[in-house]
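A.B. asks: here is the input, now give the coordinates:
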Amino acid sequence: MNQKHEIVQFQGTMELKPLVRDYLMGKPDLAHLYTYKSDAEGVLQSARKRLITFAPHQRELLTEALRGQYQRDMGGVPESVEARIQDLYSPKTATLTTGHQLNLAGGPLFFVYKVAAIIKMARELNKMQSEIQFVPVFWMASEDHDLEEIDHFRIGKHQFQWDTKQRGAVGRMRTEQLASSIHTFFTEAGIHYADVAELLKRTYSHSTLAGAHRYLVHEVFANEPILVLDGDDPRLKQSFAPVFDRELRAPWLMTQTSAAVQFLERNYYVQVNPRPCNLFYLEEQERVRIDEPNRFIERWEKDPACISPNAIMRPLYQEWILPNAAYVGGPAEVAYWLQLKPAFDDLSLPYPAVCLRPSYVLIDEKWEQKRIKLGLSREDVLQPVTELFANWVRDNGSFPIDFADLHRMLRNQFDLLRGVAHQTDPSFTGALNAQEKKQIKGLEMLEKRWLKAEKRRHSEMRIRMEQLLLELFQNKVPVERIESVWSYYAQYGHSLIAEVIKASPAFDPGVVFLMPKSPINP
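C.D. replies: Have a look, this model is predicted:
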C-alpha cells in the first residue's frame, strides 16, 4: 500500500532562501534576531512570557471586540465561537496566530495550509500539557488595499475576476452582486461543483469582504476551534494609540530596526524595507500612504480608527492586542518578522515564536503510480524538470559514464606531475597548470556533448517527467500558490480539510505529500 502522507525537506523548486533556512537550523549568527526557537518548547516558553505580560483589561477589550465583530459580520456569535471567546478570559489561555489577505474564495491553496497549521499546533500543544490552553486565531488582513492581489481565484483553467471600482481597505468593500457573479462564473465555465457554488454564494451574500471572509473561514474549518479577528476595529486601534503616536511624530520603526536591516543587507537580504512612516490613512474609498505624518496627527487624535498599519507594522499591532505565543507564516513572512525584534524590545513587547508553515503536494493514486513507474522518489519530483532529467540521464543513460570519476582521475594525474615538476624543474609548473585547465575544459565539453546526445536518445522520458511535474508546478511555481482549494474540495469533500490538518507537521515544517482518501473510494 502506498504511503498516504510523507514529509520531505524543502528542496528543489520549493527550496528555502538561505535566511529562512539558517533561521530554522538555528544558525548562531541569527540568534539576535529572535527570542524563541520555533519548536514546541520555544512556543511554550513564549506563551509563559506573554501570559505574564497580558493584562486582564487587555483580555476584556479583546473579547468585547471579537463579540462585536461577529455580531456585525454574522448577526450573532455562534455557540462554538462563544466558547473560544470565553476561553480568552482565562489568564492561562494563549493564542497561536496566522494571517492572510482576503483573497476571493480563500485564494490559493496555501491559505488552507496556514490555518491547518495553527489548528494542528494548538491541538498538539493542548495534548502534551495542561498548564496553558492554546486557541488558534486567524488574522484577517482586511486593511490591505492591494485589490489586484485578491480580486480573483482560479479553478483549473478557469479564473474568476471581480470587476469592481471600489478602492481603499479591502475588508470594507461591499460585496453586492459578487455572489451572483460567482454563481454565473461556475455556470458559464461549466464547473459542476454544486455544493461549492452554493457555499460561495452564501459566503458573498455577506455585505462586506471582511464579513464574507470570516464566514468562509468558519465554513471551510467547520467544527474546528478557531477564532477570526479583524484588526480594523476602533477599540483595538485605540489601545495601540501610543505606538501610532510615536510613528507619526518620528521615524520610530525605521530607527529601531535599522541595525537588523543593515545586518540582513550585509549577510542575506531585506524582505521589506521600513519607511520613515509605516502607516496609512483610511477614509471612505481610500487608503493613503502617510508620507508627511505631521499633516495627519490632528485627524488621528480625533479618530484613531483612521490610521492603518502597513505590512511591517502589522506584527507589532497584532502582538499588542493578542496573548500570542507563536505566529505561523510563509517564508516571506518569516523573513520580515526577523527584522522586527528590536522594535518589540523597545516597546517591552514579547517577541513570539515565529514558525514556518508547511507546504503540501496533493496527489492521487494515478499520479503516484506514474511516479513509481518512472522510478522517481518524492524528493526527486521537487527538482526542476531540466535538473531532474539531466540527473536521470547521468544515472540511467544507455551508456552511463561517471564523469565525476574521470575528473578526479585527471586531477590526480596532474597532481602527480606537479610533484615531479617541483623536484626537477619548477619552471614547468606554469605550463602544467595551463595544460590542466585545458584538459579539464576539454573533458567538460565532452560531458556536455555526451549529455546532449543522451538527452536526445531519451526525449520521451523527459516528456513523461514534464507531464508528471505539471500537476505539481506551473512555470516552476508550486500549484499551492496558484490553484484554489475548490476543485480538490469537490473531489474529496470536506474530509480533505481534516486530512490536511492531520498531516500537518506541527513543529517540523517541510513538504507534505498527501494522498487524500476519496469519499467515493475510501
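A.B. asks: since we're on the spatially closest residue to Q129 that is not a sequence neighbour, how many residues are nearby?
C.D. replies: Distances taken as C-beta to C-beta, 6 or more residues apart in numbering put L44 closest to Q129, at 7.1 Å, once the chain neighbours are dropped. (Glycine included, C-beta is placed from N, CA and C.) The number of residues packed near L44 is 21, by other C-beta atoms under 10 Å.
A.B. asks: spit out the contact partners of L44.
C.D. replies: L44 sits next to 125, 129, 131-132, 325 when contact means C-beta atoms under 8 Å, 6 or more residues apart in numbering.
A.B. asks: that one - that's part of a strand, no?
C.D. replies: No. Secondary structure of L44 (DSSP: H, G, I helix; E, B strand; the rest coil): helix, not part of a strand.
A.B. asks: need the contact list for N223.
C.D. replies: Contacts of N223 were listed using C-beta under 8 Å, 6+ apart, and they are S80.
A.B. asks: separate out the buried members of the contacts of L44.
C.D. replies: For the contacts of L44, a burial check counting by 16 or more other C-beta atoms under 10 Å picks out 125, 132, 325.
A.B. asks: next, format those as a markdown table and append pLDDT.
C.D. replies: Compiled in a markdown table, those are given as follows (pLDDT from 0 to 100):
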| residue | pLDDT |
| --- | --- |
| L125 | 98 |
| I132 | 98 |
| A325 | 98 |
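A.B. asks: mind putting the contacts of L44 into CSV with secondary structure and distance to Y23?
C.D. replies: Converted to CSV, the contacts of L44 look like this (DSSP: H, G, I helix; E, B strand; the rest coil; distance: C-beta to C-beta, whole Å):
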residue, secondary structure, distance to Y23
L125, helix, 21
Q129, coil, 25
E131, coil, 27
I132, coil, 24
A325, strand, 18
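A.B. asks: spit out the contact partners of the most centrally placed residue in the chain.
C.D. replies: With distances taken as C-alpha atoms, centre = their mean, G330 lies nearest the centre of the chain, 2.2 Å away. For G330, the contact set (C-beta under 8 Å, 6+ apart) comprises 110, 114, 356-357.
A.B. asks: out of these, who's nearest D29?
C.D. replies: L356 (18.4 Å; C-beta to C-beta).
A.B. asks: quickly list what the closest one is bridged to.
C.D. replies: Beta-bridge pairing for L356 (DSSP bridges): G329.
A.B. asks: tell me the mean pLDDT over stretch 50-70?
C.D. replies: For stretch 50-70, mean pLDDT rounds to 98.
A.B. asks: list the buried residues of that stretch.
C.D. replies: 50-51, 54, 58-59, 61-63, 65-66, 69-70.
A.B. asks: just the C-alphas of that stretch, formatted as CSV.
C.D. replies: Extracted in CSV, the C-alpha atoms of stretch 50-70 (Å, rounded to 0.1, in the frame of the first residue of the first chain):
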residue,chain,number,x,y,z
ARG,A,50,3.2,36.5,27.1
LEU,A,51,0.7,35.3,29.8
ILE,A,52,2.6,37.3,32.4
THR,A,53,2.6,40.5,30.4
PHE,A,54,-1.0,40.3,29.0
ALA,A,55,-3.2,42.2,31.5
PRO,A,56,-6.9,41.4,32.4
HIS,A,57,-8.1,44.7,30.8
GLN,A,58,-6.5,43.6,27.5
ARG,A,59,-8.4,40.4,27.6
GLU,A,60,-11.6,42.3,28.3
LEU,A,61,-11.0,44.5,25.3
LEU,A,62,-10.1,41.7,23.0
THR,A,63,-13.2,39.6,23.9
GLU,A,64,-15.5,42.6,23.5
ALA,A,65,-14.0,43.4,20.1
LEU,A,66,-14.4,39.8,18.9
ARG,A,67,-18.1,39.7,20.0
GLY,A,68,-18.8,43.0,18.3
GLN,A,69,-17.1,41.8,15.1
TYR,A,70,-19.1,38.5,15.0
